[in-house]
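[1] Using only what follows, build the 3D model:
(one chain, ligands or ions: 1)
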Amino acid sequence: MSTLYLQALEWVCGGPLELTLRGGECVTLSGASGSGKTTLLRAIADLDPPEGGEVRLGDMARHEIEGPAWRRRVAFLPAESRWWADTVGAHLPRPPLENRFDRHALAELGFDDAILESPVPPLSTGERQRLALFRVLRNRPQALLLDEPTAGLDPVSTGKVERLVREYARGTGAPVLWVTHTAEQAERLGARRYQLRAGKLHTEGGKG
Ligand SMILES: Nc1ncnc2c1ncn2[C@@H]1O[C@H](COP(=O)(O)OP(=O)(O)OP(=O)(O)O)[C@@H](O)[C@H]1O
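    Coordinates of the predicted model:
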């Protein structure tokens, strides 16, 4: 169980921000297009270094370890996933599905084992999106930064993604920062809600 701390964090779109995400909790982030949600997640993941302040995971500060090692712990799922190898399975770092959670996660996301042999190009956007989440969860990150992970998914697939992420967060104690545009989704996730406006976080209704 790890707590994620944003401390006086400044990034290209604003700040300084203070936010604490407790282990296992889900916090949603909304805001107008261009308000800085993606760039904030990228700053937390150290993909674009913050302009000031600090991010900590438990007692570890972001600057204390190399970027790739930080991102194995604090995983960023972009709105558009990247695929570079021929098949789905070729993107997975260890033998596919040796682990019970992995099998469960794949099934929860609506796939069977055969998907691992599938070439990537014919996959739909929604299939790639769900498989990108599977790839991220297989690395067992200690915190999750999800950039509109259900944008464009149908309600059934959206429900599957929400259930799996909630289960992962509760099971592992990973905090989740989830960019969404819908209050209903935040409600279903039982999340604390924030809106990003003019580079600052504003509490929204619900569990605020
Ligand atoms: N490296 C950068 N340097 C300066 N400005 C940037 C950089 N990267 C993105 N921006 C700008 O920051 C603004 C916010 O971008 P960001 O992608 O974070 O918005 P967003 O809130 O995620 O929007 P959307 O909801 O449309 O995805 C945009 O105007 C973008 O052009």
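
[2] show me the contacts for residue 150.
    Counting by Cβ atoms under 8 Å, 6 or more residues apart in numbering, residue 150 touches 129, 157-158, 161-162, 180, 185. From N, CA and C alone the C-beta is placed, and that goes for glycine too.

[3] any idea which of those is the one closest to the ligand?
    Relative to the ligand, the closest of the contacts of residue 150 is residue 180; by Cβ to the nearest ligand atom it sits at 10.3 Å.

[4] Check which helix or strand the residue lying closest to residue 47 once chain neighbours are set aside maps to.
    Leaving aside its sequence neighbours, residue 47 sits nearest to residue 76 (Cβ to Cβ, 6 or more residues apart in numbering; 6.4 Å). Taking DSSP states H and E as the definition, one finds residue 76 inside strand 74-77.

[5] Check the offset of the lowest-mean-pLDDT helix or strand in the chain from the chain's centre.
    Across the helices and strands of the chain, the lowest-confidence element by mean pLDDT, DSSP states H and E is strand 200-206, at a mean of 86. Taking the mean of its C-alpha atoms, strand 200-206 sits 19 Å from the chain's own mean (Cα atoms, centre = their mean, to the nearest Å).

[6] Need the residues that contact it.
    Outside strand 200-206, the residues that reach it (Cβ under 8 Å, 6+ apart) are 14-15, 17, 19, 29-30, 183, 186-187, 191-196.

[7] count of residues packed around residue 171?
    Other residues within reach of residue 171 by the criterion other Cβ atoms under 10 Å amount to 10.

[8] same question but for residue 59, I mixed them up
    Burial measure for residue 59: 9 neighbouring residues, criterion other Cβ under 10 Å.

[9] Look up how far the ligand lies from it.
    Plainly put, residue 59 is 29 Å away from the ligand if you go by Cβ to the nearest ligand atom, to the nearest Å.

[10] can you check residue 60 too?
    25 Å.

[11] Setting aside sequence neighbours, what's the nearest residue to that residue?
    Taking Cβ to Cβ, 6+ apart, and ignoring the residues beside it in sequence, residue 60 has residue 73 as its nearest neighbour in space, at 7.7 Å.

[12] So that neighbour sits against residue 141, correct?
    Yes. At 6.0 Å, residue 73 counts as touching residue 141 under the criterion of Cβ atoms under 8 Å.

[13] what sits up against the lengthiest helix in the chain?
    Secondary structure of the chain read by DSSP state H shows that its longest helix is helix 155-172. In this structure, residues lying in contact with helix 155-172 by Cβ under 8 Å, 6+ apart are 1, 24-26, 101, 105, 108-110, 126, 130, 133, 137, 140, 142, 144, 146, 149-150, 153, 174-176, 178, 185, 188-190.

[14] Next, the angle helix 155-172 makes with whichever strand or helix holds residue 106.
    Mapping residue 106 onto the secondary structure by DSSP H and E places it in helix 100-108. Our comparison of helix 100-108 with helix 155-172, counting by axes from the mean of the first three to the mean of the last three Cα atoms, to 10 degrees, yields an angle of 160 degrees.
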